[in-house]
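Chemist: missing the sequence, but the structure's below:
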């Protein structure tokens, strides 16, 4: 199904970066949003993320052919304890396409209010996951990234890795209202960034956090990441955004199933965790 | 033919800069109208204009009753909201008495003396600055300002009293409640104008909320046009533009003092001893955005009724310094 994966970034490095930034400037020259979007901050963030994206997590993107230059509601599984998956999908949308876009990811309420983090998120296009905010962005022709699993998805214990949690329906109602296509995305490899996790939910609650995952390692491990982009899914024109949960659920199941299927495919064909060591080790052995 | 219709207008809070701009505007357009300006503060600074009578008085029931009884007013402008920011040393009770009870008296008398229209100046502060605010809050958004800080109770309560009264008596008195964003200008002295111009302004390094600004002349225009062009209702007053706080400070050329606003509360507790503290409930307005939706106002006044662009308003503010 996914016979193509991107190698644009690793094959053309700096030139590619210059080209991407040039195209982003063209697209966002006059763009201004009410959260304080700042293209310079986006570039800075990308400069920092780039080595992680290409060298550390060695991201491969499958299904590039499914994406056109138009606004989408990108819907993805949420994994990895911290939202690195969101950053990597955002990087992919900016780096892997000829007409790059800054994907606006939706952040949790508690995060939007944090000092420094809330401001940096807003400057780089990530905003509070609120219906009005989503609607505004979609009306401006922007693409948004949502994780309908929410915190339940990202903060899974080791035994529940890659088990897709039930999607909330809010995102679909927004897509219905804006009549925006859904782009299903599956991320494989992010769970292993923090392979052993204990959930200190009670302590988290006392600190005002939705959860408090305590991983064995504090820095994410270099797990190879694969991003699978499925075919865009149309939203029906004859279903109201205020339709009952029962009416909407089958459409959401369809998206969940598509993402699940791609996760399974990804898990079967993923790279070994330590494949990054193979080349240096081989080189080292060859010396002798 | 020159206009010969005469109208009598009461402006409560005449010593304020905005009230004075409004007075000039009304008298320029309607030289035959009479304005009666009252204030609890000194009215000495109010320029002497033909058609304007000013009086300094205590905002008591008796004084207002005499005022309404002696003058058959057609329109009442209530611009005398006791600013929660400029009276930080006043007791909450005193502020509550002035803002809420005073407003109640004015509304009551407006009904009794058959005023044609009452125009009330509220503020965007009623919505509250919260981290999870939606963008572009419409007029029917919940007023959350006092949820976190009870000190803002008078601001919210005054607005709510006016709203309830407005709908209850809509068949008897026409009334308009205006909730403007930050009004800036050289003639008014409010917290935001002073903050933007201050060399000691704290420049947040950890937050960068987005603001809406309106020039004082544009705000006065909206007040003026409220008489004829705005039907009974509540209206957010803002332009379509918005700007982040740091960008606004840059436009004005104010360097300010880089400061983590998240530390302000702790810092404030120390300053409290010296009576130099900033009200804690205002700090949140430097952390979180509170943006207004202006579609209701645009529907009545059209799309391009503002004279000043936001950048221009900010640059003009520099003239004050």
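Modeler: Sure, I can see it. Please read all numbers here as calculations on a predicted model, not as lab measurements.

Chemist: from here on, contacts and neighbour counts on C-alpha atoms
Modeler: Will do.

Chemist: just the helices in the stretch 201-321 of chain B please.
Modeler: B:216-229, B:245-252, B:264-272, B:280-283, B:295-301, B:310-317 (DSSP state H, counting those that start in this stretch).

Chemist: what sits against whichever residue of the stretch 51-200 of chain A sits closest to chain B?
Modeler: Chain B sits closest to residue A:116 of the stretch 51-200 of chain A, with a gap of 4.2 Å, by C-alpha to the nearest C-alpha. By C-alpha atoms under 8 Å, 6 or more residues apart in numbering or on different chains, residue A:116 lies in contact with B:205-207.

Chemist: Report the entries of these that also contact chain A.
Modeler: B:205-207 (C-alpha under 8 Å from any C-alpha of the partner chain).

Chemist: is it possible to export the residues you listed to JSON lines including pLDDT and neighbour count?
Modeler: As requested, the ones next to chain A among the contacts of residue A:116 are arranged in JSON lines below (pLDDT from 0 to 100; neighbours: other C-alpha atoms under 10 Å in any protein chain shown):
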{"residue": "B:205", "pLDDT": "92", "neighbour count": "16"}
{"residue": "B:206", "pLDDT": "93", "neighbour count": "20"}
{"residue": "B:207", "pLDDT": "93", "neighbour count": "27"}
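
Chemist: what about stretch B:17-28, distance to the chain center?
Modeler: Distance of stretch B:17-28 from the chain centroid (C-alpha atoms, centre = their mean, to the nearest Å) equals 15 Å.

Chemist: so where's chain B uncertain?
Modeler: B:1-4, B:82-92, B:94, B:271-278, B:321 (pLDDT under 70).

Chemist: packing partners for the helix ranked longest in it?
Modeler: When chain B is scanned for its longest helix (criterion: DSSP state H), the result is helix B:153-168. If you count contacts as 3 or more C-alpha pairs under 8 Å, 6 or more residues apart in numbering or on different chains; DSSP states H and E, helix B:153-168 packs onto helix B:102-112, helix B:145-148, strand B:174-180.

Chemist: Same question for the shortest one: list its buried residues.
Modeler: Okay, so that is helix B:145-148. B:145-146 (16 or more other C-alpha atoms under 10 Å in any protein chain shown).

Chemist: for that helix, packing partners?
Modeler: Going by 3+ C-alpha pairs under 8 Å, 6+ apart, helix B:145-148 lies up against helix B:153-168.

Chemist: just the longest one next, same as before
Modeler: Packing partners of helix B:102-112 (3+ C-alpha pairs under 8 Å, 6+ apart): helix B:61-70, helix B:153-168.

Chemist: Can you say which of those helices is packed in most?
Modeler: Among those, ranked by average contacts under mean count of other C-alpha atoms under 10 Å in any protein chain shown, first place goes to helix B:153-168 (a mean of 19).

Chemist: ok so, going back, give me the angle between the longest helix of chain B and helix B:102-112.
Modeler: 20 degrees (axes from the mean of the first three to the mean of the last three C-alpha atoms, to 10 degrees).

Chemist: quick one: which of the contacts of residue A:116 is nearest chain A?
Modeler: Once C-alpha to the nearest C-alpha is applied, the member of these that ends up nearest chain A is residue B:206, at 4.2 Å.

Chemist: residues from chain B in reach of chain A?
Modeler: B:131-132, B:134-135, B:205-210, B:242-244, B:262, B:288-289.

Chemist: 7 Å - rerun?
Modeler: B:131-132, B:134-135, B:206-208, B:210, B:242, B:244, B:262 (C-alpha under 7 Å from any C-alpha of the partner chain).

Chemist: if we look at the longest helix of chain B, which residues are touching it?
Modeler: Residues outside helix B:153-168 that contact it (C-alpha atoms under 7 Å, 6 or more residues apart in numbering or on different chains) are B:96, B:99-100, B:103, B:122, B:126, B:143, B:145-146, B:175.

Chemist: and which of the residues you listed is nearest to chain A?
Modeler: residue B:145 (16.3 Å).

Chemist: Contacts only, for the closest one.
Modeler: Residue B:145 neighbours (C-alpha under 7 Å, 6+ apart): B:125-128, B:152, B:156.

Chemist: Name the nearest residue to it, sequence neighbours excluded.
Modeler: Residue nearest to residue B:145 in three dimensions, not counting chain neighbours: residue B:128, with 3.7 Å by C-alpha to C-alpha, 6 or more residues apart in numbering or on different chains.

Chemist: same thing with residue A:120?
Modeler: residue A:41 (7.8 Å).

Chemist: quick one: pLDDT of the one you found?
Modeler: Residue A:41 is assigned 94 on the pLDDT scale.

Chemist: Would you quantify the distance from it to chain B?
Modeler: Residue A:41 is 13 Å from chain B, where distance means C-alpha to the nearest C-alpha, to the nearest Å.

Chemist: Test my guess that that residue contacts residue A:122.
Modeler: No - using C-alpha atoms under 7 Å, residue A:41 is not in contact with residue A:122, being 9.7 Å away.

Chemist: of these two, who's got more company?
Modeler: residue A:122 (28 against 16; other C-alpha atoms under 10 Å in any protein chain shown).

Chemist: list the contacts for that one?
Modeler: A:35-37.

Chemist: what's the closest of these to residue B:197?
Modeler: Using C-alpha to C-alpha, residue A:36 comes nearest to residue B:197 of the contacts of residue A:122, at 21.6 Å.

Chemist: What does the closest residue to the closest one other than its chain neighbours show for phi and psi?
Modeler: Once flanking residues are discounted, residue A:36 sits nearest to residue A:123: 5.3 Å by C-alpha to C-alpha, 6+ apart. Residue A:123 adopts backbone torsions of phi -60, psi -30, taken as degrees, to the nearest 10.

Chemist: can I assume residue A:123 is in contact with residue A:34?
Modeler: No - applying C-alpha under 7 Å, one finds residue A:123 not in contact with residue A:34, separated by 10.2 Å.

Chemist: I'd like the contacts of residue A:116 written out as TSV, with distance to residue B:186 added.
Modeler: Formatted as TSV, these follow (distance: C-alpha to C-alpha, whole Å):
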residue	distance to residue B:186
B:205	27
B:206	29
B:207	27
